[in-house]
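**Q** coordinates only, no sequence provided:
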């Protein structure tokens, strides 16, 4: 007999029935979205600054531009991941709390 297929898990719904109440009582966090947006802007700026320094400057500026392009983006990514980590922990704790109430 073929195994029965399990229905695909639905992603958790961010907004509840009363989205305005969820927003005003801080049940839904909007900061992770903002951090992701700021991350993308920061990456674009670091890339542009790094390329500009590598193209237009003397040899020292080229090395600095390369460092900004590589190491700067790495540190920027780690910082943003650490910021997102706190919100992921909040979501997991909320999920655990919801599961233990059942």
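**A** Thanks, I have it. Computed from a predicted model, the values in this text were never measured in an experiment.

**Q** switch to C-alpha atoms for all contacts and neighbour counts from now on
**A** OK.

**Q** need the longest helix for this protein.
**A** With DSSP state H setting the assignment, residue counts place helix 73-101 as the longest helix in the chain.

**Q** so where's this structure uncertain?
**A** 1-16 (pLDDT under 70).

**Q** tell me the centre residue of it?
**A** Most central residue of the chain, judged by C-alpha distance to the mean C-alpha position with CA atoms, centre = their mean, is residue 36 at 4.1 Å.

**Q** distance check, it against residue 69.
**A** Applying CA to CA, to the nearest Å, the value for residue 36 to residue 69 is 19 Å.

**Q** thinking again about what came up before, what's the longest helix of the chain packed up against?
**A** The helices and strands touching helix 73-101, judged by 3 or more CA pairs under 8 Å, 6 or more residues apart in numbering; DSSP states H and E, are helix 31-56.

**Q** list the buried ones in the helix or strand that the helix it packs on is followed by?
**A** Per DSSP states H and E, the first helix or strand lying C-terminal to helix 31-56 is helix 59-67. By 16 or more other CA atoms under 10 Å, the buried positions in helix 59-67 come out as 61-62, 64-66.

**Q** now render these as a markdown table, adding distance to residue 74.
**A** Listed next are the buried residues of helix 59-67 as a markdown table, based on distance: CA to CA, whole Å:
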| residue | distance to residue 74 |
| --- | --- |
| 61 | 19 |
| 62 | 18 |
| 64 | 15 |
| 65 | 14 |
| 66 | 12 |
